[in-house]
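1. only geometry, no sequence info:
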């Protein structure tokens, strides 16, 4: 008798101890239910982590691009070019 079939008139004294076979069946039943729940979760949302992985790849690419831009701006050639453009713009008037 399981807890699901207990009626208000059922007492704890009337319950029989579980046999090893019943305990094994309960363990197998729990394992099957757990596996079923996990499979349903995986099949329902197969790409749940994909957005996170794509976000990480974009962040790495953006950081690398920012590093390249920073290196270019700090170089002497680009620095002198930017200085020349700014001086020309300020001397227009």
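-> Great, that's in hand. Quick caveat, the model's predicted, so the values are computed rather than measured.
2. what's the spacing between the one helix or strand residue 52 maps to and its chain's center?
-> Following DSSP states H and E, one finds residue 52 within helix 50-74. Taking the mean of its C-alpha atoms, helix 50-74 sits 21 Å from the chain's own mean (Cα atoms, centre = their mean, to the nearest Å).
3. please renumber so the chain begins at 267
-> Okay, residue one is now 267; in that scheme the one you just asked about reads as helix 316-340.
4. averaged over its residues, what pLDDT does that helix have?
-> For helix 316-340, mean pLDDT rounds to 89.
5. could you chop the chain up by domain?
-> Per the record, the chain has its domains at 267-312, 315-359, by automatic domain parsing.
6. okay, the ones you listed in CSV with mean neighbour count next?
-> (Glycine included, C-beta is placed from N, CA and C.) Shown next, in CSV, are the domains of the chain (neighbours: other Cβ atoms under 10 Å):
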stretch, mean neighbour count
domain 267-312, 9
domain 315-359, 10
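7. dihedrals phi and psi, residue 286?
-> Main-chain dihedrals, residue 286, degrees, to the nearest 10: phi -60, psi -30.
8. tell me the pLDDT of it.
-> pLDDT recorded at residue 286 is 79.
9. how near is it to residue 293?
-> Distance of residue 286 to residue 293, given as Cβ to Cβ, to the nearest Å: 11 Å.
10. so where does residue 345 fall, helix or strand?
-> Counting by DSSP H and E, residue 345 is part of helix 342-356.
11. also residue 304?
-> Using DSSP H and E, residue 304 sits within helix 286-310.
12. and that helix, what does it pack against?
-> Packing contacts for helix 286-310, counted by 3 or more Cβ pairs under 8 Å, 6 or more residues apart in numbering; DSSP states H and E, involve no helix or strand.
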